[in-house]
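In: quick one, fold the following:
(one chain, ligands or ions: 1)
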Amino acid sequence: MIWDPQHECMEREQMQALQLQRLQQVVARVYDRVPFYRQLFDERGVRPEDVRSLADLASLPFTTKDALRENYPYGLFAVPMQQIVRLHASSGTTGKPTVVGYTRADLHTWAELVARMVTQAGVTSGDIAQITFGYGLFTGAFGLHYGLEKVGAAIVPASVGNTEKQITLMQDFGTTVLVGTPSYALHLAEVARGMGVDPVALPVRLGLFGAEAWTEEMRRELEAAWGIKATDNYGLSEIIGPGVAGECGHCPGWMHISEDHFLAEVIDPHTGQPLGLEQEGELVITTLTKEALPLIRYRTKDITVLTAQPCACGRTTLRMRKVSGRSDDMLIVSGVNVFPSQIESVLMSIEGIAPHYQIILGKKGYLDYIEVQVELTEEAFTGQFRDLEELERRIKTRLQSVLSIGPRVRLLEPHSIERSQGKARRVIDLRRP
Ligand SMILES: [Zn+2]
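Out: Below you'll find the model as predicted:
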């Protein structure tokens, strides 16, 4: 089913005309109402009336997360506070969080976009959806909540934590859709088994996973652990929250972007130059309809590819590839670029190790080293010392061929890595003082 066929299946030319009209409006609005943008545009000598085609987007300045921090909390809002009806924030690892505001119309748009996204993932009004994102300043839980409600699903607002109780709720309430981070979903499956509950036997049939980058191998793990279809979706709080893009079931690994609300580009993260379709780079989004916090060319730091290839589902919107990493997650080890997702792909493809791992970066003398710590499965743990050595050697060889550097590998007993309640902490960098 398609939630909003008028917009999701629009003719390309019509869509681009709508985007241009909305782009011109948003540029005029921010120039008029947000001093930060007026200054930025003036410095570059760009005027709103210079935007005559979608190609003129390239002449507009970027917005970075730093701009949100520097204008903390409300400096980038384009409406007076009387019109703001909701605030969310994302915690920064350093410094101030970034604050996002919504008008009533923004909340309406957000729920519509999440309704599109969950419908294309396969949710219907007959579903019972358990939300395991934390209800709070983070946009994940509330975003999914109102979109699922719009579709008519019954929502179980379980929030994060109380893992054993989550399992009991699933059993008692007959949960059919699981919403959360992929790492927490794996943890839930493990806790269920520990309680003597087979996750595959539970009525859960569909997973809506997001808020952290995950691989195809992780998808297979999740699908096997739960006996479900695991789907990915994309969003970030600065742009609106969840609901920017989602998978449709015809093309796993590719997500339809709601292009009538978000103008997407991919750029070279080093030079800032726009790249074409089918080229890998950093995703940049311009919000076309946001009232409270419109953003021009927001640098998401997420690495992806855009495609205009037609999709069998009938939607005509551009699709983005599953995010393969973040440009600022990119680890530099002895001068070599390494993405944690590359390591995850290798680990998930090897028998005998569990989907729980950590990447430790350290220094020995002046040299960087990378150590991958990974848990054994219960079955592999009972094996002979020689088998473990052989396994360790295999992991090392596979990692070396993918990363082009030789990592250390440490096998750990089952359950020895701390489980996350939200986003997993995969990388520990000991190199900084
Ligand atoms: Zn599709």
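In: how near is residue 175 to residue 31?
Out: 47 Å (CB to CB, to the nearest Å). Placement of C-beta: from N, CA and C, glycine included.
In: neighbour-wise, which of the two wins?
Out: Per other CB atoms under 10 Å, whichever of residue 175 and residue 31 has more neighbours is residue 175, with 23 against 19.
In: so what's the more buried one closest to, chain neighbours aside?
Out: Counting by CB to CB, 6 or more residues apart in numbering, residue 175 lies nearest to residue 130, which is 4.3 Å off, once chain neighbours are set aside.
In: wait, doesn't the one you found sit right on residue 171?
Out: No: with contact defined as CB atoms under 8 Å, residue 130 does not count as touching residue 171 (11.1 Å).
In: neighbour-wise, which of those two wins?
Out: Neighbours per residue (other CB under 10 Å) separate residue 130 from residue 171, with residue 130 holding more: 22 against 15.
In: assumed the more buried one was part of a strand.
Out: Yes: applying DSSP: H, G, I helix; E, B strand; the rest coil, one finds residue 130 inside a strand.
In: partner residues bridging it?
Out: Note on residue 130: beta-bridge partners by DSSP bridges are residue 156, residue 178.
In: residue 90 - how many residues pack around it?
Out: Neighbour number of residue 90 under other CB under 10 Å is 17.
In: doesn't residue 237 make contact with it?
Out: Yes: Residue 90 lies in contact with residue 237 (CB under 8 Å); the separation is 4.6 Å.
In: intersection of neighbour lists for the two?
Out: Residues touching both residue 90 and residue 237 (CB atoms under 8 Å, 6 or more residues apart in numbering): 98, 100, 138-139.
In: what's near enough to touch whichever residue of the stretch 51-200 of the chain sits closest to the ion?
Out: Going by CB to the ion, the ion is nearest to residue 120 of the stretch 51-200 of the chain, at 7.0 Å. By CB under 8 Å, 6+ apart, the contact list for residue 120 reads 2-3, 246-249, 256, 313, 315.
In: circling back: and the residue nearest to residue 175, what pLDDT?
Out: Looking at residue 130, its pLDDT reads 98.
In: where does the stretch 301-433 of the chain dip in pLDDT?
Out: When residues are selected by pLDDT under 70, those of the stretch 301-433 of the chain lie in 383, 423, 432-433.
In: I should have written the stretch 1-150 of the chain there, sorry.
Out: For the stretch 1-150 of the chain, residues meeting the criterion pLDDT under 70 lie at 91-95.
In: recalculate using a threshold of 90.
Out: Residue ranges of the stretch 1-150 of the chain with pLDDT under 90: 66, 69, 90-97.
In: in it, which spans are strands?
Out: Secondary structure of the stretch 1-150 of the chain by DSSP state E, counting those that start in this stretch: the strands cover 84-90, 98-103, 128-131.
In: distance to the ion for those - can I get that in CSV?
Out: Formatted as CSV, those follow (distance: least, CB to the ion, whole Å):
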stretch, distance to the ion
strand 84-90, 29
strand 98-103, 28
strand 128-131, 21
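In: just give me the longest helix of the chain.
Out: In the chain, assigned by DSSP state H, the helix with the most residues is helix 12-33.
In: how far away is the residue of the stretch 151-300 of the chain found nearest the ion from residue 143?
Out: When distances are taken as CB to the ion, the stretch 151-300 of the chain reaches nearest to the ion at residue 248, 3.3 Å away. Per CB to CB, residue 248 is found 19 Å from residue 143.
In: between the two, which one's more packed in?
Out: Using other CB under 10 Å, the more surrounded residue of residue 248 and residue 143 is residue 143, with 27 against 24.
In: need the three-state assignment for the residue lying closest to residue 429 once chain neighbours are set aside.
Out: Once flanking residues are discounted, residue 429 sits nearest to residue 361: 4.5 Å by CB to CB, 6+ apart. Of the three states, residue 361 takes strand according to three-state DSSP.
In: got the contact list for residue 361?
Out: Contact partners of residue 361, counting by CB under 8 Å, 6+ apart, are 331, 333, 368-371, 427-431.
In: likewise residue 223?
Out: 229-230.
In: average pLDDT for the helix or strand where it lies?
Out: Assigned by DSSP states H and E, residue 223 belongs to helix 216-226. On average, the pLDDT along helix 216-226 is 94.
In: pull the residues that contact whichever helix or strand comes after that helix.
Out: Per DSSP H and E, the first helix or strand lying C-terminal to helix 216-226 is strand 229-236. For strand 229-236, the surrounding residues in contact (CB under 8 Å, 6+ apart) are 90, 117, 121-122, 139, 143, 182, 185, 205-210, 214, 219, 222-223, 241-247, 249, 252-253, 255, 300, 302, 320, 322-323.
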